[in-house]
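K.L.:
Quick one, structure for this:
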Amino acid sequence: MNGGGGVQYAVIDAFTNVAFKGNPAAVCLLDGEDSKANANDSWMKSVAAEFNISETCFLVPVIFPVDQQGVPRFQLRWFTPVDEVNLCGHATLASAHFLFTTICEKCDEVEFSTKSGILTAKKISGLKRDLSKPFTAPKDNRFAIELNFPLISFIDSDSTAIAPLSATLNGMPVVEVKKTTGDDMIAVLSSGTDVANIKPQFEELIRCPGRGVIITGPGPEGSGFDFFSRFFCPKLGVNEDPVCGSAHCSLAPYWAEKLGKNSLMAYMASPRGGVLGLEIEEKSQRLKIRGEAVTVMTALAFAFGDIMKIKTESDQEEVYVNIF
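P.N.:
Next up is the predicted model:
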């Protein structure tokens, strides 16, 4: 762990095994005394605005066994470029990947204390995990991650809620409209191909009620996926969230009911694309979200007032940027 005043961070692409695909998240580890002292809400929002990607998250160690024999726990907070959010799937996956490849590399599980309660992340061998077998690291050290998230319920909604989306939908038939308890609208189309072909008009999307708009449809025949989806949230500074894990907390129960099965494969059909394995646990009302991740870059940042000094690990050159 970093004992100095620097903030170790990484940009990690989640729900993909290829760099520059999936959904990028900036993961910042606040484990030094200086970083903990300076990391107030205003500072976090400024850093998230500077990264200007769908999510920037901040980790603070709560329980960290010296021998890594116990389960480490970290406080985890998520920020869009505009505001803090209560739940984020891809940044949680990115956080777990960061920890499993750095300070928790000997651990197979980590816990996160969040605004949505305690969330867990486990190393697994693939997106379709055999729950009867313990994790065994493959020879190439690649692994997937399984998140344990709450299900989010939804209710019927009137089609007038998506009336502003005339140009975005461009005549595509809408099968159903739902609204989640997380304040997102869900528009169900008849085809996943239609979902992929949408040309979003963000001036329309921002006029829809609620926080964001999820558009989904059944996976095309032969695709290997049960459903496609896309998520738009311009009100929080994220025109399109490339791969939104938390949206599946509502999408999974919807499609499980429609398709009559609790184990699903999902594809987010944004230009970057992303793959999620899903498993609903009805008794506990929890959702297992499985995905892979790739570290794209790592660096150290040093915050002093209104200046952040960044020292990259590759060349050790120092670059100064004004972030406020």
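
K.L.:
and the gap between the closest residue to Leu99 other than its chain neighbours and Phe15?
P.N.:
Excluding the flanking residues, the one nearest Leu99 by Cβ to Cβ, 6 or more residues apart in numbering is Val110, at 5.3 Å. In this view, the C-beta of every residue, glycine as well, is placed from N, C-alpha and C. Here Val110 is placed at a distance of 18 Å from Phe15 (Cβ to Cβ, to the nearest Å).

K.L.:
quick revisit: can you give me the neighbour number for the residue nearest to Leu99?
P.N.:
27 (other Cβ atoms under 10 Å).

K.L.:
swap in Leu300?
P.N.:
Neighbour count for Leu300, taken as other Cβ under 10 Å: 19.

K.L.:
what about it, which helix or strand?
P.N.:
Leu300 is located in strand 293-304, with elements delineated by DSSP states H and E.

K.L.:
Direction included, what does that strand pair up with?
P.N.:
strand 7-14 (antiparallel), strand 307-312 (antiparallel) (DSSP bridges).

K.L.:
Surely the residue nearest to Leu99 and Phe100 touch.
P.N.:
Yes - counting by Cβ atoms under 8 Å, Val110 does reach Phe100; the two are 7.4 Å apart.

K.L.:
can you pull the pLDDT of the residue most central in space within the chain?
P.N.:
For the chain, the residue nearest the mean C-alpha position is His90 (1.5 Å; Cα atoms, centre = their mean). As predicted, His90 sits at a pLDDT of 98.

K.L.:
Then Ala137?
P.N.:
55.

K.L.:
How much space separates the residue nearest to Leu99 from Gly237?
P.N.:
Distance from Val110 to Gly237, counting by Cβ to Cβ: 28 Å.

K.L.:
How about Ile53?
P.N.:
On the measure of Cβ to Cβ, Ile53 and Gly237 end up 10 Å apart.

K.L.:
Then Pro24?
P.N.:
For Pro24, the distance to Gly237 - Cβ to Cβ - is 14 Å.

K.L.:
More neighbours: which of these two?
P.N.:
Between Pro24 and Gly237, Pro24 has the larger neighbour count (other Cβ under 10 Å), namely 26 against 15.

K.L.:
Many thanks, I have nothing further to ask.
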